[in-house]
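Visitor: Just need the structure, nothing else, for what follows:
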Amino acid sequence: MSFVTKGISSLMLGLILTFLPIFAQGQAELEAEIVEILEQSAVKGAGIVVVENGDPAIEVYWGEANVEMGKPVDATTVFRAGSISKNVTSLLALRLIEDGRLDANAEITDIAPEIEIQNDWQDTAPVRVIHLLEHTAGLPGSTYREYAENKADATPQDYLDTIGKLKTRWPPGSLYSYSNAGHTVLARVMGQATGTSFDQLVQDQVFTPLGMQSASFLTYGNDGSRIAKSYNLSGQEQPGWEMLIRPSGALTTTPMDLAKLVQLYARSEAGVEDGFLSSEALARMRGSEASAAADAGIGDGAYGFGTFAFIVEGTTFYGHWGKTEGFRANLGYLPGTGDGFVIILNVVDERAANALRSAIAKYLTGDATPAAGLEFDVFDRNMNEDKAGAYVLATHEQPLRAWLFKALDQRRIEMTDEGLMVRGVGQLAPPATMFRPVRAGGFAADGVPIATAAFYEMDGKTYWIDGDAYIKASGFEAWFRGAIIPAALIVSLIALLHGPVWGIMGMLGRGPTGQGLWVRSALLVSGLGFLATTALFVNFALLGDWSALGIVGQPRLVSVLMAVTSIVAVIGGIAALIFTARKAVTDPSLFLIYAIPASIVLGVFALLWVFVGWFPLMTWGW
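Guide: Residues are numbered from 1 along each chain as shown. Predicted coordinates for the structure are as follows:
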């Protein structure tokens, strides 16, 4: 060995020995912070792996995998990873595409003609493989019925046979909307293209080459005793969901095996080639090429192949999240650095998940110099003035709830000299945010290092794309959608409170008679129906846990009662409108000062429910 080589070796050894204690101290501090976050949370058990320079650097296994049995989480504990399954299914598709066994631009009906999709744009915009990968096929998300269906190891064809014909909601290849159906259909297409079942394909093409020995999409692919139990925020155990959409959400794995995906992705552009896939192919997973977002120049900030960008502590990570039956999983990485993380919790505690992501992101980025900032463009206010106004959510994943979220999630866009001021309107809308034009295309929100938003024109309508798409609406339409729900609930509550008063007056012989009695009765019945339906829907179908979703997905007491009360609400509302109109003509009185606006609100709300398919509200349908 030459003196120069010896000198360099000695210098490197000295640097390692100097900084090793510092690295170890940083790791110990992060581990302590992770444990502190978990101890202050509702989480029962967790598995966390932090990857640095392409290798696992920190492993934390905390809490209990099974509370009743007192079984601790360890390195062999298997968790459900939820929608991170889509990342694996997409990775499989990418391997087949690069091998020439699958064409990303092929029409799916050419490969699997047995798949029935009602597509009104078939001649100009057929559903292609790439649309399934990028969630731009226009297919709906999961229905409540799907949550209620429990069939172990269901095949993609089992899903298609059960659900029947699918239907696109807009031209495929345009608007993004998250869809569990998409990757399940994709699994069927891959099976037909190769003549091999999905489970065999993913084992041969992904799990075995990457050494993911614990990973499986099969319900009993793992030793059942190793699979962690999951719990809700109150500590109640959640039943397992044997989902029909297995390629979209049934992945089970240890955190360390899941971290092998992080190793693959995070080092893919750091000069490491392992023969699994080219760096160019892996980079293709990040961002869209076949969507309205891509057309608008923000493909890098849109959903790609089972991968999306998310911001933690001002840094752009890529990966996927998952949530199912009490499990919350996160996979994130920094391309070209070899750094990333896996977080899996057996309780969906979002506060804990956010805190863990934040702590890990701070550790991984440290004092690193931020990447070069975005190059902003000069904003031409006059050219965009016609795009100012109200926008309502147009791409909610579940058609049954789409009308509701058009009221709960709206945007109001105002033009300023610097860019767009986007204000959230509705209970689910975010706070006001400034968006500035980026020279490469699209708009970036303050504090966000990538462009994620843009305007898009389709069929003479203007959309604001920021993840989901919001369609421009008139000021009256937006106001009406936002006002009708609280107005109807307030009037319903007033009518319900008036009920005992009218009853007492009747017992005293001073109660309403004739048409006045019919008006009051109709208002009371309608109000009771609306309040009951809303309470049941919010408690079980909107805010309910996985057990509740399964309950309303089948004809059970709660779901049938919801259907009955919706019928009562609509009939009562329309009756109130008719009876009040007749009384106003034949018997005007001071009571009409209340009855006329009340009946109009409830009558219009009833007609809205008829129009959107909530008469009756049958949550167990497909």
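Visitor: Can you pull out the low-pLDDT segments for the stretch 451-600 of the chain?
Guide: Applying pLDDT under 70 to the stretch 451-600 of the chain picks out residues 501-514, 585, 587, 590.
Visitor: now swap in the stretch 101-250 of the chain and tell me
Guide: Checking the stretch 101-250 of the chain against pLDDT under 70 turns up 220-224.
Visitor: Helices of the stretch 401-550 of the chain, residue ranges please.
Guide: All helices of the stretch 401-550 of the chain, identified by DSSP state H, counting those that start in this stretch, fall at 402-408, 475-507, 514-536, 546-552.
Visitor: and the host helix or strand of residue 263, C-alpha only, in CSV?
Guide: Using DSSP states H and E, residue 263 maps to helix 255-266. This file holds the C-alpha atoms of helix 255-266, laid out as CSV (Å, rounded to 0.1, in the frame of the first residue of the first chain):
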residue,chain,number,x,y,z
PRO,A,255,-41.7,-2.5,8.7
MET,A,256,-38.2,-3.7,7.8
ASP,A,257,-39.4,-5.5,4.7
LEU,A,258,-41.3,-2.4,3.7
ALA,A,259,-38.2,-0.4,4.2
LYS,A,260,-36.6,-2.3,1.3
LEU,A,261,-38.8,-0.3,-1.0
VAL,A,262,-37.4,2.9,0.6
GLN,A,263,-33.9,1.6,0.0
LEU,A,264,-34.7,0.9,-3.7
TYR,A,265,-36.4,4.3,-4.3
ALA,A,266,-34.1,6.5,-2.2
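Visitor: And it, what does it pack against?
Guide: strand 45-52, strand 55-66, helix 85-98, helix 208-210, strand 315-324, strand 327-334, strand 339-345 (3 or more C-beta pairs under 8 Å, 6 or more residues apart in numbering; DSSP states H and E). For glycine as for every other residue, the C-beta is placed from the backbone atoms N, C-alpha and C.
Visitor: Out of those, which is closest to residue 406?
Guide: strand 315-324 (23.8 Å; C-beta to C-beta).
Visitor: Strand partners (parallel or antiparallel) of that closest one?
Guide: strand 308-312 (antiparallel), strand 327-334 (antiparallel) (DSSP bridges).
Visitor: if we can go back for a sec, reformat the helices and strands packed on helix 255-266 into CSV and put mean neighbour count next to each item.
Guide: Shown next, in CSV, are the helices and strands packed on helix 255-266 (neighbours: other C-beta atoms under 10 Å):
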stretch, mean neighbour count
strand 45-52, 26
strand 55-66, 19
helix 85-98, 25
helix 208-210, 15
strand 315-324, 22
strand 327-334, 26
strand 339-345, 28
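Visitor: would JSON lines of the ones you listed with distance to residue 571 be doable?
Guide: Formatted as JSON lines, the helices and strands packed on helix 255-266 follow (distance: least, C-beta to C-beta, whole Å):
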{"stretch": "strand 45-52", "distance to residue 571": "49"}
{"stretch": "strand 55-66", "distance to residue 571": "49"}
{"stretch": "helix 85-98", "distance to residue 571": "43"}
{"stretch": "helix 208-210", "distance to residue 571": "59"}
{"stretch": "strand 315-324", "distance to residue 571": "38"}
{"stretch": "strand 327-334", "distance to residue 571": "42"}
{"stretch": "strand 339-345", "distance to residue 571": "46"}
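Visitor: Identify whichever of these lies nearest to residue 449.
Guide: strand 315-324 (5.3 Å).
Visitor: Tell me what angle that closest one forms with helix 85-98.
Guide: 110 degrees (axes from the mean of the first three to the mean of the last three C-alpha atoms, to 10 degrees).
Visitor: Any chance of JSON lines for the helices of the stretch 401-550 of the chain, columns mean neighbour count and distance to residue 203?
Guide: Putting these into JSON lines (neighbours: other C-beta atoms under 10 Å; distance: least, C-beta to C-beta, whole Å) gives the following:
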{"stretch": "helix 402-408", "mean neighbour count": "20", "distance to residue 203": "38"}
{"stretch": "helix 475-507", "mean neighbour count": "16", "distance to residue 203": "48"}
{"stretch": "helix 514-536", "mean neighbour count": "21", "distance to residue 203": "43"}
{"stretch": "helix 546-552", "mean neighbour count": "21", "distance to residue 203": "27"}
